[in-house]
Structure formats: structure tokens, C-alpha cells
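Visitor: Next come a sequence and a model predicted from it.
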Amino acid sequence: MKNEALYNYVLRLGDDSLILGQRLGEWCGHGPILEEDIAMTNISLDLIGQAMSLLNYAGEIDGQGKDHDALAFLRFENEYRNAILLEQPNGDFAHTMMRQFLFDAFRKPLYEKLLDSSDQQIAAIAEKSLKETRYHLKHTSEWIIRLGDGTDESHQRAQKALDLLWRYTDELFFETEEDLALVAEGIVPAMKVIKAEWSKTVTAVLAEATLNIPTNNWQFEGGRRGVHSEHLGYLLADLQYMQRAYPNMKW
Amino acid sequence: MVTEGEIRSLLSEVCDPEIPVLSLADLGVLRGVEFLDNEWHITITPTYSGCPAMKTMEDDILRKLNDNGIKAKVHLVLSPAWTTDWLSESGRKKLKEFGIAPPEDEVDKSVLFSAPTVVPCPKCGSRDTKMVSQFGSTACKAHYQCRSCLEPYDYFKCLK
């Protein structure tokens, strides 16, 4: 492989998009209102589109002839590198919106910085994806405020979602020694820069939503190393069923 | 041998599968027509990353050219990223006649909180309209409704 660090980095980005896109797609036909059903599946489609570009590029770096389908459908659970946050079940609508918001607030500054990547393909994917991610963050921020600063019931549900999901947020900023070499080469930004931007957005929106950031800051990690929660296996069973049951089938 | 002009004229008959009044050139999805190593290379770019119409567009381009005895390959590029600025003037007119409001200049999407853009109703022209949802029937559209004539309509949202 010509650049293992870059492969791992792009794989993480691709798996984040793929797994969250798959989760969000589960809302199809089950949204609380028709418009939101359509919105969530639109966002899911954007994420899966981004996953295609990212996983194709990971396959290219890997150089073994694997395309996005091979990477999406034919790996085992411990080979996925998505953050644990993104494989968490949908829960109620507030839970889904909170998970999406915490992720969008991370993805937007990341893509903004990747625009300047010295790797042209990464910069191109970031340029395309950033336009979509801005819409997503706008959408989820509005919902977090509407739910948090809404009725007692919606406030309580949004706060509960935040309390449950906060413990998975640190992992988004996972960074290895090899990544720091990519940072030095100007291929990717340092995660501390992204975390500062994320904190700014999250703090501002949650304050407006009258929601409290949990004081217990114990954090989960593992997804970036392939050690996942029990939920990923079930998700993959759904995602991979067709290719496992009927290898190479097409329609 | 066919010329680039002839290829472009053939391709002007290839339309967006979702919005059949728009050609791929009108939409700004057609980015390049080039002759290299004995075949034509057609470059297209997606409106949105996950646009499920890309494969159909590619197939439609190849069918149109192959039916006319022309050998071609289709390439997908991501950069520069598609923007609604590439929608041609005639494309905007055709959209409106089709009942889809063409993109309006909007505030920067990086501003998190802003009032929705005023999008005049494509049926009656009223500016008294409301955004129902930022996400519409396809990734490139938002959902609006006219308060004057009550028409619900798609808005081809501005992407810059």
C-alpha cells in the first residue's frame, strides 16, 4: 500500500458516512411527519453518496482493486472504523437529531479544513460534501433548539439524548501518530483545530436550546480501532444481507 | 468524423431523468466533451453526492452516442463542485414553466440561523410563500407552498 496512514484516515471518514447514512435510512417511512421523513432520507442519501466517494478513494489508495461496494458490503465488523456514536440505534426523534447534530457540527469544520488538503482527491470530495453538510448542520441545529426550548416533553427527551450520547463524542477527534504525519504534510488538519470549532458550535446551539452539557465526562472509545458496541453487528447484518446471501448479485 | 459541436447537439437531447424538461447541459451537469485516443470522453458532475440519477444519466449519454455509431466513455468528476450558478438561463426558464421555482440568491449556508429565502410561486408569481421543508422530493429541491394560490411546489434550491 502506498500510504497506509492515508488509507486509514479516508476509511474512517467513509465508514462514518456509511454507518450514519444506513442508520438514518431506517427512518424511511417512519418519520414523525412526512417532511421530516423526507429530510432524514435526503440526508441519508447525501451521506451514502459521500461514503461512495470516500470508500472508492480508500480502495484506490489500498491498490487491491476494491471499490466502494467491496468495502461497504464485504468487511467484517472489526474492520469498520466508524466512531461508536454513529452506530447507536435511532431511539426517538430527539435522539436521532442529537446524534446527527453532534456529528454535523464535527463534519462541517473538518470538510472546511480538508478543502485545503494537499491531496487533490480529498480536497475535491470535501468541496462537494461541504455544501451538503452545511444544509445538514443548519437543519439539525434548528431542530435541537426547537426541541430543547420547546415543550417540557421535548426538552426532557432532547436532554436525555444529550446525556446518553455525550459519552461518544470525544472519539470523533481520534488521532494517531501516523495522522500527525499527515497533518505535517498538509493533507489533513489537526483534530484539536476541529474540536475547537465543534465546541464553539455545540456550546452555542445547546445554550440556545436551554440544554445542559453533561458534567460527567467519562468517554467511550473503540470504534476507530474496530472495537464496536453490540449495535454495529445488527446494522451490518441488514446492510450486508443481500451481498452475503447472493454474492455479486446486481439489480 | 463527428465534431464536438455535433456531439454536443446530440447530448442536448439527453435530459435529467427527474426533470425531463432540462438537458444535462442546461442543468450544468455536462462538464466536458473531448476527443482523446480514438474515442470521445464525456465528463459529468453530480448535483449532490448521492444523486441516484447519475447512473441513469451516464447510461442515457452512452445510449444516445452509441445509437449514433459513436464510441464514448463517461467520466464522473467531483471538482469543481456543481453549483446552481451553472444552471443555464434557458434552464431556469424551463424549470419555471415546468412548475419548479428556479434557485434564488440565498444567504450563505454557513450562517446557522436565517429567515428562509423568499421564493416566488411559479404558478401565480406571488411572493407570499412559505418554506415547508428544506428537503424536498429530491436532494436538489426544497418544498414550498404559496399562501396566495395555495399551490405546493418544488424549489430548486440554491447551492453555492
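Guide: Yep, it's here.
Visitor: tell me the contacts of the most centrally placed residue in chain B?
Guide: Residue closest to the average C-alpha location in chain B (Cα atoms, centre = their mean): residue B:27, at 3.4 Å. Residue B:27 sits next to B:16, B:19, B:47, B:86, B:87, B:91 when contact means Cβ atoms under 8 Å, 6 or more residues apart in numbering or on different chains. For the C-beta atoms, the positions are set from N, CA and C on the backbone; glycine is no exception.
Visitor: In helices, which of those residues fall?
Guide: residue B:91 (DSSP state H).
Visitor: and chain B, which residues reach chain A?
Guide: B:46, B:48-52, B:77-83, B:109-110, B:112-113, B:132-137, B:139, B:143, B:159-160 (Cβ under 8 Å from any Cβ of the partner chain).
Visitor: quick one: which of these sit in strands?
Guide: The strands, defined by DSSP state E, take in B:132, B:133, B:143 from these.
Visitor: so which of those residues is the most crowded?
Guide: Neighbour tally across those (other Cβ atoms under 10 Å in any protein chain shown): the maximum, 21 neighbours, falls on residue B:143.
Visitor: quick one: low-confidence parts of the stretch 1-150 of chain A?
Guide: A:1-2 (pLDDT under 70).
Visitor: now the strands: where do they sit in it?
Guide: Shown for the stretch 1-150 of chain A, no strands are assigned by DSSP state E, counting those that start in this stretch.
Visitor: got the residues of it near chain B?
Guide: Residues of the stretch 1-150 of chain A lying near chain B (Cβ under 8 Å from any Cβ): A:35-36, A:38-39, A:42-43, A:45-50, A:52-53, A:108, A:120, A:123-125, A:127-129, A:131-132, A:134-135, A:137-139, A:141-142.
Visitor: Likewise for the stretch 151-251 of chain A?
Guide: A:201, A:205.
Visitor: can you give me the helices in the stretch 151-251 of chain A?
Guide: Using DSSP state H, counting those that start in this stretch, the helices of the stretch 151-251 of chain A run over A:152-165, A:177-184, A:191-208, A:231-245.
Visitor: Can you give me the domain assignment for chain B?
Guide: For chain B, automatic domain parsing gives the domain ranges B:4-82, B:87-156.
Visitor: circling back to that earlier point, tell me the one of the ones in strands among the residues of chain B next to chain A nearest residue B:64?
Guide: residue B:143 (32.1 Å; Cβ to Cβ).
Visitor: Doesn't residue B:75 belong to a strand?
Guide: Yes. If the criterion is DSSP: H, G, I helix; E, B strand; the rest coil, then residue B:75 is within a strand.
Visitor: Give me the nearest residue to it, chain neighbours excluded.
Guide: In this structure, residue B:75 finds its nearest non-sequential neighbour in residue B:43, 4.9 Å apart by Cβ to Cβ, 6 or more residues apart in numbering or on different chains.
Visitor: count of neighbours near the one you found?
Guide: Residue B:43: 15 neighbours (other Cβ under 10 Å).
Visitor: Repeat that for residue B:24.
Guide: Residue B:24 has 20 nearby residues by other Cβ under 10 Å.
Visitor: Relative to chain A, how far out is it?
Guide: Here residue B:24 is placed at a distance of 18 Å from chain A (Cβ to the nearest Cβ, to the nearest Å).
Visitor: Give me the spatial nearest neighbour of that residue, chain neighbours excluded.
Guide: Using Cβ to Cβ, 6+ apart, the nearest residue to residue B:24 is residue B:30, at 4.3 Å.
Visitor: Ramachandran coordinates for that neighbour?
Guide: phi -80, psi 110 (degrees, to the nearest 10).
Visitor: still on that earlier bit, mean pLDDT lowest for which of the domains of chain B?
Guide: Least confident of these, judged by mean pLDDT, is domain B:87-156 with a mean of 86.
Visitor: what sits up against the longest helix anywhere in chain B?
Guide: Secondary structure of chain B read by DSSP H shows that its longest helix is helix B:54-67. Applying Cβ under 8 Å, 6+ apart, the contact partners of helix B:54-67 are B:7, B:10-11, B:13-17, B:24, B:29, B:40, B:42, B:44, B:46, B:71-72, B:74, B:76.
Visitor: So which of those residues are in strands?
Guide: Per DSSP E, strands hold the following members of the contacts of helix B:54-67: B:40, B:42, B:44, B:72, B:74, B:76.
Visitor: Backbone torsions only: list them for the residue lying closest to the third one once chain neighbours are set aside.
Guide: Same thing as residue B:44. Nearest residue to residue B:44, sequence neighbours excluded (Cβ to Cβ, 6+ apart): residue B:29, at 5.2 Å. Main-chain dihedrals, residue B:29, degrees, to the nearest 10: phi -80, psi -30.
Visitor: burial measure for residue B:29, as a count.
Guide: Neighbours of residue B:29 (other Cβ under 10 Å): 23.
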